Structures are given as structure tokens and as C-alpha cells.
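A.B. asks: what's the 3D shape of this:
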Amino acid sequence: MRYVAPAREVVDPVVFTHAPLKQWGEFADWLQGARWPSIDELNARWSLHAPERFVAQTRELLEDGLHYEERIATRGLIATREANWHDLFNAMIWLRYPQLKRALNRQQMAEIAQVGRRERSRPQCAQTHFDEAGVIVTVKDPGLLELWDRHDWYALFWRRRSAWVEGLVAVELFGHALLEHALTPGKLLVGKALVVMAGQEADSSEALACCARAIAEARWLRDPLELRPLPLSGIPGWHPGNAEEAFHRHAACYQPLREGRHYPAPLRLA
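C.D. replies: Numbering: from 1, shown residues only. Here you go, the predicted model:
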């Protein structure tokens, strides 16, 4: 069933006190204010030399005949529905992670050139899945990745709970549909993850830059099966129930590993 976000006036304020929405405080006025931000207000947040701009998605705009991605690549225009949660979150992702968005746009354009506007290739499916539900996960302990490989969610999120608090594994949320789903209190969230193995001193900006390069150079997101499911609701602070051990034994978001399913090796930071 297609998710329908709650109306702005009935969103429960509690959702802004938990991850992931808690982590987007720089946009609190857009998220929690009484009115929707205007297109001009969205554009006012761009850095001075950014080549893109948000533009209202109107019938006149769409009559240019361009694919959504082509309009961004050739005109720098990001079609945005006004008073719409999904597109507001997309704008926030553009403003926080422009290098990743541009890398995706570059590869979408390469695929459109190959298969046309009406077809969708395996790489395009992977890119769209990541755009909607993607997370970048930096792992600093190989043992955590081994647990993840086996879908040993109880061990990953309960026995090794301290690893999430201590920063041995860190998540950057990229998918704007995940933010939209988080508007529903207690909703179980599962991300589609790209993984970077890193040393103890690495920070999130290095992992993000590493991912952006790999996507732009067509080394990643060539197939949806590259993406690892990550039950985000198991991370401390992401769901009110996960402070109890029972959650990690029975949560519906903890799915077993499918027979024959294997994940690609992560990227590695030097």
C-alpha cells in the first residue's frame, strides 16, 4: 500500500524529537512552522554558486518535454511540488548532500542516453532506490559488518548496541522517502545501504565524498542488489521501543537473510 503522509497540521510533534527528523534541525522552521516554505525560501538556502534551483512543478514547466533528470542536468531546474512533504524532503536532501545528488543525476543521464526516457535500466532502479530510501553507513569494526552480512540483527543492534553510541558504525540518511515515512510516530524504517569501511579517525564527510565519487564514476549503483537492507529502527534513538531487549527479538523490520543472497564488498577509505 502506498504511504500517505499526514497533513501538516496533524503531524505529531514527537516525531521531531527522534531520529531521523531530529537530525535535521537546520530546517526546523520548514518542518514545524505553521505554513509551508515557499519556493523562494527553498532557493534562499543554496550556496552562492550552486548551479541548481528549485522551481514550482506546474503544467507549463512540464510542457518543456524534458525528463525530470534532464531538466536538472540541462537547465539546473529541480521540479518541486509546493506544499508537499515528499518534495520538501527532497529539497532538504539537495541542500545538505548536493554532491551525491549531482552524482546520481549524472548517472541517470547516462542511462537515459542508453535506454531512452521510457525504459528503466537496472542501474536506474538502483539509483532510484537509493534516492528514495538510501543511507550511507560508515563501519569501523569489521565484526559489525560480519553480523550485518548474516542478518544477525539481535547481535548487531542489541549485543553490540554500544557500537552505535560510540561511533563504530554511523549512518547518514540520504533517502527523502525515509524522512517522509518518519512523520508517522513509531513507524518501522528500513534503509537501503551503501557501506564504507573506514579507520578509526575517518569522518562522515570522507565517506560521503567516497560514495559520491563511486556513483559518479559508475562504480556503484549498477544493480539494486548492491544495496543492503538496514533496519534503521534498531539504532539507538531511532525508535522508542528499541531500548528493550524484546524489540530486537521480534521486530517486524528484522527480516532473515534470503537463501543465496550475498552482498558486495564495501568501499574502503585509505
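A.B. asks: Show me how the chain divides into domains.
C.D. replies: Recorded structural domains for the chain (assignment: automatic domain parsing) are 13-97, 128-268.
A.B. asks: TSV please, covering those domains and showing distance to Leu104 and mean pLDDT.
C.D. replies: Any C-beta I mention is one placed from the backbone N, CA and C, and that applies to glycine too. Below are the domains of the chain laid out as TSV (distance: least, Cβ to Cβ, whole Å; pLDDT from 0 to 100):
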stretch	distance to Leu104	mean pLDDT
domain 13-97	8	97
domain 128-268	6	97
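A.B. asks: which stretch among those comes nearest Met1?
C.D. replies: Relative to Met1, the nearest member of the domains of the chain by Cβ to Cβ is domain 128-268, separated by 12.4 Å.
A.B. asks: now that closest one: how far from the chain's centre is it?
C.D. replies: Mean-position distance between domain 128-268 and its chain equals 10 Å (Cα atoms, centre = their mean, to the nearest Å).
A.B. asks: Straight-line length of it, end to end?
C.D. replies: Counting by Cα to Cα, to the nearest Å, you get 23 Å between the two ends of domain 128-268.
A.B. asks: before we move on, back to that, winner for burial among the domains of the chain?
C.D. replies: Of all the domains of the chain, domain 128-268 has the most neighbours on average by mean count of other Cβ atoms under 10 Å, namely a mean of 18.
A.B. asks: May I see the domains of the chain organised as CSV, with distance to Val4 added?
C.D. replies: Output for those, formatted as CSV (distance: least, Cβ to Cβ, whole Å):
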stretch, distance to Val4
domain 13-97, 10
domain 128-268, 10
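A.B. asks: Any idea which of those gets closest to Gln107?
C.D. replies: Comparing the domains of the chain by Cβ to Cβ, domain 128-268 comes nearest, at 6.1 Å.
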